[in-house]
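A.B. asks: sharing a model that was predicted from the sequence below.
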2 protein chains.
Amino acid sequence: MAFLLSRGETLTVTDPIGEQVADLLAFRRDDVDEAISSGRSLDYAGRLFLTTGAAIYSNRSNVLLRIVEDTVGRHDFLLTPCSADTFRILYGDEHPHQGCFGNLSVALAPFGIVPDRIPVAFNIFMNVVVNAETGVLRVAPPLSRAGDHITFRAEIDLIVALTACSAPQSNNYAFKPIDYAIGMAECRPRSSSL
Amino acid sequence: MAFLLSRGETLTVTDPIGEQVADLLAFRRDDVDEAISSGRSLDYAGRLFLTTGAAIYSNRSNVLLRIVEDTVGRHDFLLTPCSADTFRILYGDEHPHQGCFGNLSVALAPFGIVPDRIPVAFNIFMNVVVNAETGVLRVAPPLSRAGDHITFRAEIDLIVALTACSAPQSNNYAFKPIDYAIGMAECRPRSSSL
């Protein structure tokens, strides 16, 4: 799916069964050459794993989304959406399906966003384990359990794309649904003195 | 600098003094919408740290460059080229300089490549230490010593951009030159039987 998410709105992505990854992209609505950037976001956060309070920056160093709630705390921002090439190169499939990259491309086409403009996605619930010494990456089963969720708040008007992931390793070899909901961020003060 | 590197040619980047980072970008010469991709390269390599024998893939899953020699073995492919925004956000500079991103933008402009098309660079000699448990990233002094070098072979005709890095932390707080040379890959068989 791709859809509009306006400034101040929230997007909650829920794993209804558990152990299922979703790839998230976001683009500035009025100028889609500005998109989420793993490199800027990881650099400014100073960490690989982004969770509650962290900002997702664009290639122009603006905050597109902020994580306002997260019941899992482990997501990936290193690897690209799986694609026909992923399945050909990593899994040896002779007739690979289109994967997340294909799903995102189809969903974004009506917004005029072409496949070459798809950057590294924020891979919700994806559990990439890093060996700090060797640098070896291991795609482990997601830590998400049924009902776990993450909520983002849009800081500007966005086009968002979201897909459930279809890479076997990323989802513990079972393909499951992903739920999402759009809401309004609450802006009440935490306390009031009358 | 930005320059042409043709299929079969090699690019050797040397750290003449030691502890100096260089940011490298590469684009398909006849279609600059195809560029190096950290996400694809890390995914297909299955590791964070790329060294001799590793391929640098494009966003379209083609190999643009292959590392054919590397005397250091520690380079970064996580963080974006430092920019005025980097210095504003991470260092609090009120009048930041343009950094690697500005240098690369200026060098690439004559090739029709605009700043929004600059992806995560391959950060030669950059030493980013990862805490595997917390995900915290620490930019440590490069491991390169005087004369250390890395050599890439172009797998297709490319436009390459290269800059010495100007981020204090990345270079152990001293800004030093980077040398580079273009050569021809040797294609001799390793052994011959007559």
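C.D. replies: Right, received. Where do you want to start?
A.B. asks: list the buried ones in whichever helix in chain A runs longest?
C.D. replies: If you go by DSSP state H, chain A has its longest helix at helix A:99-108. Buried residues in helix A:99-108, defined by neighbour count with 16 or more other C-beta atoms under 10 Å in any protein chain shown: A:99-105, A:107-108. The C-beta positions use only the backbone N, C-alpha and C, and glycine is treated the same way.
A.B. asks: between those, which is closest to chain B?
C.D. replies: residue A:101 (9.4 Å; C-beta to the nearest C-beta).
A.B. asks: for the closest one, which non-adjacent residue is spatially closest?
C.D. replies: Closest residue in space to residue A:101, ignoring its immediate chain neighbours: residue A:83 at 3.5 Å, by C-beta to C-beta, 6 or more residues apart in numbering or on different chains.
A.B. asks: and for residue A:127?
C.D. replies: Closest to residue A:127 by C-beta to C-beta, 6+ apart is residue A:140, at 4.6 Å.
A.B. asks: surely that neighbour is in contact with residue A:130?
C.D. replies: No. If you go by C-beta atoms under 8 Å, residue A:140 and residue A:130 don't touch, sitting 10.6 Å apart.
A.B. asks: and these two? Which one has more around it.
C.D. replies: More crowded of residue A:140 and residue A:130, by other C-beta atoms under 10 Å in any protein chain shown: residue A:130, with 20 against 14.
A.B. asks: contacts only, for that one.
C.D. replies: Residue A:130 makes contact with A:48, A:136-137, B:48, B:130, B:132, B:135, according to C-beta atoms under 8 Å, 6 or more residues apart in numbering or on different chains.
A.B. asks: the same query, at a cut-off of 6 Å, please.
C.D. replies: B:130, B:132 (C-beta atoms under 6 Å, 6 or more residues apart in numbering or on different chains).
A.B. asks: could you pull out the buried residues of the least confident helix or strand in chain A by mean pLDDT?
C.D. replies: In chain A, no helix or strand scores lower on mean pLDDT, DSSP states H and E than helix A:84-91, which sits at a mean of 91. Across helix A:84-91, burial judged by 16+ other C-beta under 10 Å covers A:84-87, A:89-90.
A.B. asks: and stretch A:128-147, by the same measure?
C.D. replies: Buried, per 16+ other C-beta under 10 Å, within stretch A:128-147: A:128, A:130, A:135, A:137, A:139, A:141-144.
A.B. asks: so what's residue A:36 bridging to?
C.D. replies: residue A:58 (DSSP bridges).
A.B. asks: quick one: neighbours of it, just the number.
C.D. replies: The number of residues near residue A:36, taken as other C-beta under 10 Å, comes to 24.
A.B. asks: can I assume residue A:103 is in contact with residue A:163?
C.D. replies: Yes. Residue A:103 is in contact with residue A:163 according to C-beta atoms under 6 Å; the separation is 4.0 Å.
A.B. asks: can you count the residues close to the residue nearest to residue A:101?
C.D. replies: 27.
A.B. asks: how much space separates it from residue B:14?
C.D. replies: Distance from residue A:83 to residue B:14, counting by C-beta to C-beta, to the nearest Å: 36 Å.
A.B. asks: mind listing the strands for chain A?
C.D. replies: Assigned by DSSP state E, chain A shows strands spanning A:2-5, A:9-15, A:22-28, A:55-57, A:63-70, A:122-124, A:127-130, A:137-140, A:148-154, A:158-164, A:179-184.
A.B. asks: got TSV for those strands, with mean pLDDT too?
C.D. replies: Formatted as TSV, those follow (pLDDT from 0 to 100):
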stretch	mean pLDDT
strand A:2-5	98
strand A:9-15	97
strand A:22-28	98
strand A:55-57	98
strand A:63-70	98
strand A:122-124	98
strand A:127-130	97
strand A:137-140	97
strand A:148-154	98
strand A:158-164	98
strand A:179-184	94
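A.B. asks: most tightly surrounded among these?
C.D. replies: strand A:122-124 (a mean of 27; mean count of other C-beta atoms under 10 Å in any protein chain shown).
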